[in-house]
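Participant: Everything below, folded, please.
(one chain, ligands or ions: 1)
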Amino acid sequence: MKYIVATARAPFSHDRIDGKDVVKQNAGGVASSLRRLMNDSGGTWVCWGDGSSDSYYQEEKVDGYHVSRVLLGSHEKRGFYDDFSNGTLWPLFHYFREKIKTEDRAFDTYVTVNRKFAEKIAKHADRETVIWIHDYQLSMVPGMIRKMLPDSFIVMTWHIPWVAGEFFSILPQAREILESLTSSNMITFHTDIFVRNFLETQEQLLGSAWTIRNKVLAIPLGIDDKYYGAWNLSETRRRSNPKRKTIFSIDRLDYTKGLKNRVLAIEHLLSRHPDLKGKFNYVMLVTPSRTTVSDYIAMKRELEMNIGRVNGRFSDLDWAPILYMYRKVSDNVLKNHYRFSDIAFITPLIDGLNLVAKEFAAASEEGILILSKFAGASSDLRSAIIVNPYDIKEMADSLYRALNMDPEERKSRLADMKAVVRRKNSAWWLSRIEKEISKRRPGETNKPKPTGN
Ligand code: ADQ
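Facilitator: Presented below is the predicted three-dimensional model:
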């Protein structure tokens, strides 16, 4: 099967550093799964060229596939990315009503940029290609392609939550977006809840969901379990003080990730159990994200004030409860944290899936996962300690339970999670999607089955 994949984020970009063009890979889990698909099947990847030298590499051939970049001016970037994608759709689809900005001009720019993507896709498409569009930044693209190429086969994969129909209808452009999405031949989400919400939204806004029921599926993204489970000895590093337990988290700085509530849970834990002072460190890695959006700047300040307050209250000369790091880290550093941390504390207020939870389960030697019930990954990782991220007391109790858990229980929970992550890995995700495409695509039923496990 030949694909045109379209994502806002590029698989890699070209940046000018010290007078030279340097290639920067996109580390995220979606990019690595799609990269594998493109390496194996060829085709074209249409993406936003946001690197400082990308204008010199608008069309390029790499590892057997073609990259075609959409270039945006600063006004387009602001309207499309900062304002409508991240200022309107992101809070809308994560139930943050008070943060949703509804401004017509941003939507106009979003449509203009989506059209640029659609035109690039149409330029590269032929009758054989499956057009696979990803995520909320490109929601108007399916409808545009349907008009340009009426017979094309379009798949939409939605990586963030889909909210209840009534909530979605806050959006002035709700109908237009929904009509565009439903013109796809297949739409995938990470969980059954998001599928149900989507069908209910269709019923409320466009009438019956009967006609689209068969094309809306829950197929959760998996990770490359072998990559996270494999070790190069020279790259591994054990913690320096094995008597002190490590609680670990890594997130983009985002209001959906529940960062402040975790700090409050650490405070609650230490005020209830002062004997735990000096017995653990919470290593809180936060990756800079959307640094030009004002909400994110304010959120960083609030988080850091809370960390300072809690550390100020409980630290002594040779111990602080929270080791906060605000930076990007390398893959190897991340894998070391996954492998050796005793507890991963992954408690988003809401999350489409949360790849970090799956990566930790694949890499951990003997750790335990505390996971929010509102992360899509909790429908797969049922052996984690599942918590309500709004309930500070419950989170603190879960930390206490994890810190004191019997090794046998910890091992058995981790083994269950490893089995799920292995079975539903990224190859499984791709092959499930390919099978569903084959079933639905006219003339595909007699063709050989796609490869992959
Ligand atoms: P994200 O919100 O980006 O994605 P997530 O699923 O947690 O969130 O994935 C983050 C990825 O980036 C992970 O693969 C992680 O390893 C990597 N990463 C994070 N910080 C890093 C760092 N400092 N250094 C190196 N790598 C880092 C959206 C949705 C999610 C959904 C994904 C995939 O919001 O809910 O799970 O898409 O569908």
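
Participant: So which bits of the chain are right by the ligand?
Facilitator: If contact is defined as C-beta under 6 Å from any ligand atom, the residues of the chain in contact with the ligand are 27-30, 159-160, 221, 250, 252, 287, 328-329, 331, 334, 351-356, 359. From N, CA and C alone the C-beta is placed, and that goes for glycine too.

Participant: Buried subset of those residues, written for PyMOL?
Facilitator: With 16 or more other C-beta atoms under 10 Å as the criterion, this PyMOL line picks the buried residues out of the residues of the chain next to the ligand:
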select buried, resi 29+30+159+160+221+250+287+334+351+352+353+354+355+356+359
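
Participant: Domains in the chain, by residue range?
Facilitator: As given by automatic domain parsing, the domain ranges for the chain are 2-222+428-444, 225-423.

Participant: mean confidence for the first one?
Facilitator: Within the predicted structure, the mean pLDDT of domain 2-222+428-444 is 95.

Participant: same check, this time on the shortest one
Facilitator: Averaging the model's pLDDT scores along domain 225-423 yields 93.

Participant: what sits up against stretch 64-77?
Facilitator: Among residues not part of stretch 64-77, those counted as contacts by C-beta atoms under 8 Å, 6 or more residues apart in numbering are 10-11, 38-39, 41-50, 54-55, 57-61, 80-81, 109, 112-113, 116-117, 120, 123-124.

Participant: Quick one: residues contacting the residue nearest the centre of the chain.
Facilitator: Most central in the chain under C-alpha atoms, centre = their mean is residue 354, positioned 5.7 Å from the mean C-alpha point. The neighbourhood of residue 354, defined by C-beta under 8 Å, 6+ apart, consists of 346, 348, 371, 372, 375, 376, 377.

Participant: Let me see the ranges of the helices in the stretch 301-450 of the chain.
Facilitator: 331-340, 355-363, 392-403, 407-423, 426-440 (DSSP state H, counting those that start in this stretch).

Participant: nope, the stretch 101-250 of the chain is what I was after
Facilitator: Using DSSP H, counting those that start in this stretch, the helices of the stretch 101-250 of the chain run over 104-124, 141-148, 165-168, 174-182, 192-206, 225-229.

Participant: Could you dump those into CSV with mean neighbour count added?
Facilitator: Conversion of the helices of the stretch 101-250 of the chain to CSV gives the following (neighbours: other C-beta atoms under 10 Å):
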stretch, mean neighbour count
helix 104-124, 19
helix 141-148, 21
helix 165-168, 16
helix 174-182, 19
helix 192-206, 18
helix 225-229, 18
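
Participant: so who does residue 190 touch?
Facilitator: Going by C-beta under 8 Å, 6+ apart, residue 190 touches 159, 218, 219, 220, 221, 352, 353, 376.

Participant: Swap in 6 Å and give it another go.
Facilitator: Taking C-beta atoms under 6 Å, 6 or more residues apart in numbering as the contact definition, residue 190 lies against 220, 352, 353, 376.

Participant: Nearest residue to the first one in space, please, no chain neighbours.
Facilitator: In other words, residue 220. Nearest non-adjacent residue to residue 220, counting by C-beta to C-beta, 6 or more residues apart in numbering: residue 190, 4.5 Å away.

Participant: Ok, the third one next?
Facilitator: When the adjacent residues along the chain are set aside, residue 353 lies closest to residue 376, with 3.9 Å between them (C-beta to C-beta, 6+ apart).

Participant: buried sites along stretch 38-45?
Facilitator: Within stretch 38-45, the residues that count as buried by 16+ other C-beta under 10 Å are 38, 41, 43, 44, 45.

Participant: I figured the third one hits residue 6, correct?
Facilitator: No: in this structure residue 43 lies outside contact range of residue 6 using C-beta atoms under 6 Å: 11.1 Å.

Participant: give the contact list for the closest residue to the ligand within the stretch 151-300 of the chain.
Facilitator: When you check the stretch 151-300 of the chain against the ligand by C-beta to the nearest ligand atom, the closest residue turns out to be residue 159, at 3.5 Å. Under the criterion of C-beta under 6 Å, 6+ apart, the contact partners of residue 159 comprise 135, 352.

Participant: same deal with the one 5 residues further on?
Facilitator: Residues in contact with residue 164, defined by C-beta under 6 Å, 6+ apart, are residue 197.

Participant: That one and residue 200: what is the separation?
Facilitator: With distances defined as C-beta to C-beta, to the nearest Å, the gap from residue 164 to residue 200 amounts to 7 Å.

Participant: got it, and residue 296?
Facilitator: The gap separating residue 296 from residue 200 is 31 Å, by C-beta to C-beta.

Participant: From residue 378, how far out is the residue lying closest to residue 381 once chain neighbours are set aside?
Facilitator: Closest residue to residue 381 apart from its sequence neighbours, by C-beta to C-beta, 6+ apart: residue 417 at 5.2 Å. For residue 417, the distance to residue 378 under the criterion C-beta to C-beta works out to 11 Å.

Participant: Between these two, which is the more surrounded one?
Facilitator: A side-by-side neighbour count of residue 417 and residue 378, using other C-beta atoms under 10 Å, places residue 417 first with 26 against 22.

Participant: need the contact list for the more buried one.
Facilitator: With contacts defined as C-beta under 6 Å, 6+ apart, residue 417 is in contact with 361, 381, 383.

Participant: between those, which has the most around it?
Facilitator: residue 361 (32 neighbours).
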